[in-house]
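# pasting a predicted model and its sequence here:
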Amino acid sequence: MTVLQMLKPHAGLRVLVTGGASGIGLVIARAFVDAGSRVHVCDASKDAIDTLLKVEESAELNAITATLADVSDRAAVDRVFDDVATQLGGLDVLINNAGIAGPTGGIDEMDVGEWEQTVDVNLNAQFYFARRAVPLLKEAREGGSIIALSSVAGRLGYAFRTPYSATKWAVVGLTKSLAIELGPDNIRVNAIQPGIVKGPRIERVISARAQQLGLSYEDMEKDYLAKISLRRMTTPEEVAATALFLCSPGGSGISGQAISVCGNVEVL
Ligand code: NAD
């Protein structure tokens with residue numbers, strides 16, 4: 001195999017993407033389908049799943065199957081793995097992608113319930129999925145791979161977004177520890193740390209922060225871009241390309257890493 005051929009993801013991978021019915025997760029799911037993988041997604045949004053399955057059906061793709069499930073609900077996670085067994089018959093790649101922005105605000109005014117929900121979705125759920133996935137990943141033909149979506153907020157401090165930042169740092173701790181624990185079983189564990197990714201989610205984040213600081217949306221957006229060395233947002237496709245690379249022979253030596261795909265966000 002030439003080095004160039006090593007950049008192509010392994011064929012026939014069985015991939016589970018959490019929160020995969022829209023946003024970055026869906027771009028990752030479609031990228032794996034394009035690479036010849038079989039993909040199952042789960043998502044808490046019925047609308048997003050219905051839309052996804054309708055598109056799949058109308059384009060006669062039927063390449064992605066889906067389970068309606070809240071990743072922070074352990075019983076729902078069990079249902080997802082029942083469907084993974086039926087639809088994929090095993091698992092090569094887990095993409096722990098589902099995540100929420102959490103509340104924006106000072107620590108002294110933060111609602112405890114919102115803090116707990118952010119920890120439940122962004123951290124606890126990654127544990128629920130990893131613990132169920134590992135026995136399957138141990139049987140993966142080319143070795144198993146777990147890819148966790150962290151964030152640049154998982155390598156930099158992020159004032160007024162403390163639950164989000166704390167959970168995204170925690171994801172890196174989970175990633176680095178699992179990489180050591182599971183390496184002897186030929187399972188690689190890495191995190192991707194997107195920066196400011198183009199799309200509706202970041203528009204909501206910028207709006208909330210603008211409101212918090214009493215600025216206009218435009219001024220807040222300018223402020224965000226000034227902190228990125230490349231002076232532009234990252235695309236979901238750039239994040240998905242990194243996930244594909246991690247599942248190619250070229251990525252087979254990479255484990256225990258938190259890889260920033262962010263145009264080098266300097267400060268948050
Ligand atoms: P998004 O909000 O656009 O989409 C996330 C998907 O997850 C949606 O389909 C949503 O329905 C689903 N979801 C949300 N809560 C869920 C739950 N409890 N159970 C199951 N599904 C749930 O988010 P995104 O921008 O695509 O982000 C994906 C991941 O990337 C997240 O972990 C996020 O923290 C991370 N990230 C995003 C950005 C960004 O700028 N968009 C930056 C850094 C990190």
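Received, thanks.
# for Gly253, grab the count of nearby residues.
7 (other Cβ atoms under 10 Å). For every residue, glycine as well, the C-beta is placed using N, CA and C.
# three-state assignment of it?
coil (DSSP: H, G, I helix; E, B strand; the rest coil).
# list the buried ones in stretch 144-158?
144-156, 158 (16 or more other Cβ atoms under 10 Å).
# need the residue closest to the centroid of this structure.
Nearest to the mean C-alpha position of the chain, counting by Cα atoms, centre = their mean, stands Asn97 at 2.3 Å.
# that one reaches Ser22, doesn't it?
No. Between Asn97 and Ser22 there is no contact under Cβ atoms under 8 Å: 10.6 Å.
# filter the buried residues of stretch 144-158 down to the ones near the ligand?
149, 151 (Cβ under 6 Å from any ligand atom).
# all strands of the stretch 1-150 of the chain, in order?
Under the criterion DSSP state E, counting those that start in this stretch, the stretch 1-150 of the chain contains strands at 14-18, 38-43, 64-68, 93-96, 144-149.
# would you list those in a markdown table and tack on mean pLDDT?
Formatted as a markdown table, those follow (pLDDT from 0 to 100):
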| stretch | mean pLDDT |
| --- | --- |
| strand 14-18 | 98 |
| strand 38-43 | 98 |
| strand 64-68 | 97 |
| strand 93-96 | 98 |
| strand 144-149 | 98 |
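# any idea which helix is longest in the protein?
Counting residues, the longest helix in the chain under DSSP state H turns out to be helix 162-182.
# does anything pack onto that helix? Which helices or strands?
helix 112-119, helix 125-137, strand 144-149, strand 187-194, strand 258-261 (3 or more Cβ pairs under 8 Å, 6 or more residues apart in numbering; DSSP states H and E).
# near the ligand, which residues of this structure? Just list them.
Checking the chain against the ligand by Cβ under 6 Å from any ligand atom, the hits are 19, 21-25, 43-45, 48, 70-72, 97-100, 121, 149, 151, 194, 196-197, 199, 201-202.
# take these and keep only those in helices.
23-25, 48, 201-202.
# which pair of the residues you listed spans the longest distance?
By the measure Cβ to Cβ, Ala48 and Ile202 form the most distant pair in these, at 17.4 Å.
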